[in-house]
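Build me a structure from this.
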Amino acid sequence: APGESITFAFELLLTPCKPLDPPSHWKQRYYQVGYPTAASVEPEVVAATGATILNIHQGVDGLLNPHINYPFDKRTTSHLSAYTETAHALGLRVKAYYTVRELSNHADELWVLRSLGDEVLADGNGGGDSWANEQLVNGFAACWQTPLSDGDFDSALCTKGISRWVNYYVEGLTRLLRPPVNLDGIYYDGIGFGVYTMRRVRRVLQAEKGMGNGLIDLHCGNNLLGTQYGQVSPQLQFMHLMPYIDSVWFGEGYDYLGSPPQYWLVESSGIPFGLMGDMMHEGHVWRGMVYGMTTRFRCADPTPLWRLWDTFGIGDSTMVGYWEAKPPVTSSCAHLLATSYVKFGNATLIAFASWQHTTHFFADAPPTDECKLRIDFGAIGLSPPPNVRVSAPDLMALGQPPARHIALSAEDGYEVAVPFGGGSDGGVLLVERT
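This next block holds a predicted model:
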């Protein structure tokens, strides 16, 4: 109303939070143990896939990490220690689910925390497993409920993210990073505390594992859907924590098929914040590759792209996305976008994808059967034809036909015709010096 004063609370964050580090990302190939099913997977099986990092979910069969956010009983410690020892011997890094949003009813400290009222354990209307209802009766809130492979049940109680319990949490992390458990980092499914605790977590990781060795991986679903998590974009919700995180994996509720490129870049990829990310479930292989993203093992099979990365030597390349001011590869169609992985003067891998069928974004654009990719050879350090060869690598497992030579046209600069018949909506091209 006229004359009424309104107070707005806000904070400013400069982005990107840190320099983008694709070379590290290409080496961090994830295998999710305990998702989408609780089945345990031996480190030898993981290593055979080409994965380099294990994320251990809570509630995994074999009691590997059975009690949510409480991996401290002797039996769990014994299982985790043996597992990480085997994994490390195979050159794998191991991270586990460990946060403060909820706490297992198996925690030894449960009754001490209960005596503090609602300082640590959140008040609520009960629910969950029968044990919690019989023993706690009321004044608690049930969180994640997990049947365990030994016939027991893990009934989590909701906790408050900001309380004295974070001191226990940080000390517990120190214990998990040291022998005998010797974890290499943390896997977060959402983060229930603030920036001050996150700084402490990062400092502990650096102190125990050395600069750049301890990893923090953030997973989250689309919190804009439903009301449980505040109806807020995860990128906005956790933006203030991005400087302390190493990678993102945003999945449930994300529309990989219907979302426009801007959504992919800002909401899904992590790139504007100096982070690289992965896709959940099958994702969209070609659009994902435009942002350097693959799926993760146990959700889908990313090995065809991992093999392509290794064959090409993507770790030695510079990632130049379509969002840069002067990308070396541009498109004749608005819906076709390309990212170049440039080994200057040697070879370039071009990942391209179409958003032609993203109905709510390109609904007014006429259908296109063929687009052209324009290549600036000078920008990638190569001479124009006939001194280069353009080919399509064999990725039949992902729907790209066997390796073939691609003709170049010099009509309007040097162009590659990209067909979109038969449902094709992306692919990769390799430009090499002959």
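
Please make it C-alpha for all contacts and neighbour counts, starting now.
Noted.

Tell me where the model's unsure across the stretch 251-400 of the chain.
358-369, 397, 399-400 (pLDDT under 70).

what about the strands in it?
Along the stretch 251-400 of the chain, counting by DSSP state E, counting those that start in this stretch, strands occupy 276-278, 318-320, 329-331, 336-343, 347-354, 370-375, 388-392.

can you list the ones you listed in TSV and add distance to residue 288 and mean neighbour count?
Shown next, in TSV, are the strands of the stretch 251-400 of the chain (distance: least, C-alpha to C-alpha, whole Å; neighbours: other C-alpha atoms under 10 Å):
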stretch	distance to residue 288	mean neighbour count
strand 276-278	8	24
strand 318-320	14	20
strand 329-331	17	22
strand 336-343	11	24
strand 347-354	9	24
strand 370-375	18	18
strand 388-392	18	18
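
Just put the ones you listed in a markdown table and tack on distance to residue 214.
Conversion of these to a markdown table gives the following (distance: least, C-alpha to C-alpha, whole Å):
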| stretch | distance to residue 214 |
| --- | --- |
| strand 276-278 | 16 |
| strand 318-320 | 24 |
| strand 329-331 | 36 |
| strand 336-343 | 27 |
| strand 347-354 | 30 |
| strand 370-375 | 39 |
| strand 388-392 | 37 |
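
Which among these is found nearest to residue 15?
Set against residue 15 and scored by C-alpha to C-alpha, the strands of the stretch 251-400 of the chain come closest in strand 276-278, at 14.0 Å.

I'd like to know which elements that closest one is packed against.
Secondary structure elements in contact with strand 276-278, counted by 3 or more C-alpha pairs under 8 Å, 6 or more residues apart in numbering; DSSP states H and E, are strand 247-250.

helices or strands up against the strand it packs on?
Strand 247-250 is packed against strand 215-220, strand 276-278, with contacts defined by 3+ C-alpha pairs under 8 Å, 6+ apart.

could those go into a markdown table alongside distance to residue 49?
What follows is these, written out as a markdown table (distance: least, C-alpha to C-alpha, whole Å):
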| stretch | distance to residue 49 |
| --- | --- |
| strand 215-220 | 20 |
| strand 276-278 | 17 |
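
Just give me the neighbour total for the closest residue to residue 351 other than its chain neighbours.
Distance criterion C-alpha to C-alpha, 6 or more residues apart in numbering; nearest residue to residue 351, sequence neighbours excluded, is residue 428 at 4.5 Å. Using other C-alpha atoms under 10 Å, residue 428 has 22 other residues around it.

Tell me who's in contact with residue 428.
For residue 428, the residues meeting the contact criterion (C-alpha atoms under 8 Å, 6 or more residues apart in numbering) are 286, 349-352, 392-393.

Show me the helices in the stretch 151-300 of the chain, by range?
Using DSSP state H, counting those that start in this stretch, the helices found in the stretch 151-300 of the chain span residues 165-177, 195-209, 234-237, 261-263, 285-290.

Lowest average pLDDT across those?
Out of these, helix 234-237 stands lowest, with a mean of 87 (criterion: mean pLDDT).

what sits up against that one?
For helix 234-237, the external contacting residues (C-alpha under 8 Å, 6+ apart) are 220-223, 266-267, 270.

about what we covered before: winner for burial among the helices of the stretch 151-300 of the chain?
Across these, averaging neighbours per residue (mean count of other C-alpha atoms under 10 Å) puts helix 285-290 on top, at a mean of 24.

by contact count, what packs against that helix?
Packing partners of helix 285-290 (3+ C-alpha pairs under 8 Å, 6+ apart): strand 336-343, strand 347-354, strand 426-433.

now with 6 Å?
The elements that helix 285-290 packs onto, with contact taken as 3 or more C-alpha pairs under 6 Å, 6 or more residues apart in numbering; DSSP states H and E, are strand 347-354.

tell me which strands and helices the strand it packs on is in contact with?
When contacts are defined as 3+ C-alpha pairs under 6 Å, 6+ apart, strand 347-354 packs onto helix 285-290, strand 336-343, strand 426-433.

Sheet-wise, list the partners of it with their directions.
Each strand pairing with strand 347-354, determined using DSSP bridges, is listed with its direction: strand 336-343 (antiparallel), strand 426-433 (antiparallel).

would you turn those strands into a markdown table with distance to residue 290?
Compiled in a markdown table, the strands paired with strand 347-354 are given as follows (distance: least, C-alpha to C-alpha, whole Å):
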| stretch | distance to residue 290 |
| --- | --- |
| strand 336-343 | 5 |
| strand 426-433 | 9 |
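
circling back to that earlier point, looking at the helices of the stretch 151-300 of the chain, which is closest to residue 8?
Among the helices of the stretch 151-300 of the chain, the nearest to residue 8 by C-alpha to C-alpha is helix 234-237 (16.8 Å).

Convert the C-alpha atoms of that closest one to CSV, please.
Written as CSV, here are the backbone C-alpha positions of helix 234-237 (Å, rounded to 0.1, in the frame of the first residue of the first chain):
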residue,chain,number,x,y,z
PRO,A,234,18.4,-26.3,-6.1
GLN,A,235,21.0,-24.1,-7.9
LEU,A,236,19.5,-21.1,-6.0
GLN,A,237,19.0,-23.1,-2.8
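
quick one on the thing from earlier: for residue 105, which of the helices and strands packed on strand 247-250 is the nearest?
The closest of the helices and strands packed on strand 247-250 to residue 105 is strand 215-220. By C-alpha to C-alpha, the value is 23.8 Å.

Figure out how far the closest one is from the centre of its chain.
Distance, stretch centre to chain centre, for strand 215-220: 7 Å (C-alpha atoms, centre = their mean, to the nearest Å).

One more: stretch 279-294?
The answer for stretch 279-294 is 11 Å, by C-alpha atoms, centre = their mean.

for stretch 136-154, same thing?
Once both centres are worked out by C-alpha atoms, centre = their mean, stretch 136-154 turns out to sit 28 Å from its chain's centre.

average pLDDT for it?
Averaging pLDDT along stretch 136-154 yields 91.

can you tell me how far the residue lying closest to residue 208 once chain neighbours are set aside sits from residue 218?
Nearest non-adjacent residue to residue 208, counting by C-alpha to C-alpha, 6+ apart: residue 177, 6.6 Å away. Using C-alpha to C-alpha, to the nearest Å, we find residue 177 at a distance of 18 Å from residue 218.
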